[in-house]
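Novice: Need coordinates for the below:
(one chain, ligands or ions: 1)
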Amino acid sequence: MLNNDFNDVVQNRHSVRNFDKNVKIPREEFKQMFEETITAPSGCNLQGWYFEVADTPESLAKVKKYMMKFNDPQLNTCSAIVQMFARVDAYKKYREMWNKTYEEGHITKEKLDEVLRTFLPLYENGTYDMCATDAIRSCSLAAMQFMLVARHHGYDTNPIAGYDESKIARTFNLDPKIYLPVMAIAIGKSNESEKEQIKTIRYPVEDVYHFAD
Ligand SMILES: Cc1cc2nc3c(=O)[nH]c(=O)nc-3n(C[C@H](O)[C@H](O)[C@H](O)COP(=O)(O)O)c2cc1C
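Specialist: Okay, the predicted model is just below:
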């Protein structure tokens, strides 16, 4: 049953750290959730994200090795962990992506020339750090979108960055210079009791915005 109540999906999301161990999320549903996730925006539409899904006892055991111990309740009860990576080399497909956008008739030749002329050099001449920051920023948006998509599918999540960053890419046989861990997301059906639930608070809204007159 999909939850189409936008307000409930967004406002009642909170980090869940105790899931129903018996829930298995079908891989087809993961595919569907990722389809819904990758509509997220990204810098120049570079889509510099990549998701590794650990949904078997073996793959979850590998993930546990790089996680800090305080994440144990989630790791031992979730249906899966989605490890989100930013791809530093996303810009290498810039030309291909925009050519395809043109060939499929979504932009004019003038627009294609403009995006190739204006933005591609920024990446090609950019530093590693600039490309990394750009990809991390975009992947973070995908991470947020995935957590809301999960709620739409009736699941809950816990974003996790309490881990040994240096070990993550190699765990999945990925190049650590290219694949930068952004966060892991534990997903499953909540099994939290009222008592276990942490009702987090926020700073007063007046403290976090200003009209820049
Ligand atoms: C980037 C990031 C890293 C986080 N890392 C952890 C973590 O390692 N372990 C954990 O239990 N929660 C982690 N959290 C969850 C936060 O503690 C939680 O989002 C915050 O307290 C607000 O609570 P809420 O998600 O219930 O609204 C992380 C959240 C974010 C966004």
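
Novice: how long is stretch 167-184 from one end to the other?
Specialist: For stretch 167-184, the first-to-last residue distance is 13 Å (Cα to Cα, to the nearest Å).

Novice: excluding its backbone neighbours, what's nearest residue 161?
Specialist: residue 183 (4.9 Å; Cβ to Cβ, 6 or more residues apart in numbering). In short, each C-beta sits where N, CA and C put it, glycine included.

Novice: Show me what the host helix or strand of the one you found pairs with in its sheet, parallel or antiparallel.
Specialist: Assigned by DSSP states H and E, residue 183 belongs to strand 179-188. Applying DSSP bridges to the sheet, strand 179-188 is found paired with strand 80-87 (antiparallel), strand 156-160 (antiparallel).

Novice: Check the offset of the first one from the chain's centre.
Specialist: For strand 80-87, the separation from the chain centroid amounts to 6 Å (computed by Cα atoms, centre = their mean, to the nearest Å).

Novice: now do the last one
Specialist: Taking Cα atoms, centre = their mean, one finds the center of strand 156-160 at 11 Å from the center of the full chain.

Novice: same question, stretch 38-54
Specialist: Stretch 38-54 sits 7 Å away from the centroid of its parent chain (Cα atoms, centre = their mean).

Novice: And stretch 30-39, by the same measure?
Specialist: 11 Å.

Novice: May I see the buried residues of that stretch?
Specialist: If you call a residue buried by 16 or more other Cβ atoms under 10 Å, then stretch 30-39 has these buried ones: 30, 33, 34, 36, 37.

Novice: Compute the number of surrounding residues for the residue nearest to residue 161.
Specialist: 21 (other Cβ atoms under 10 Å).

Novice: Please apply the same query to residue 167.
Specialist: Using other Cβ under 10 Å, residue 167 has 14 neighbouring residues.

Novice: Now do it, the pLDDT please.
Specialist: As predicted, residue 167 sits at a pLDDT of 96.

Novice: shouldn't residue 1 be in contact with residue 154?
Specialist: Yes. In terms of Cβ atoms under 8 Å, residue 1 counts as a neighbour of residue 154; the distance is 6.1 Å.

Novice: mind listing what the residue in the chain that the ligand sits nearest to touches?
Specialist: Evaluated by Cβ to the nearest ligand atom, the chain has residue 162 as its residue closest to the ligand, separated by 2.7 Å. Contact analysis of residue 162 by Cβ atoms under 8 Å, 6 or more residues apart in numbering lists 67, 68, 70, 71.
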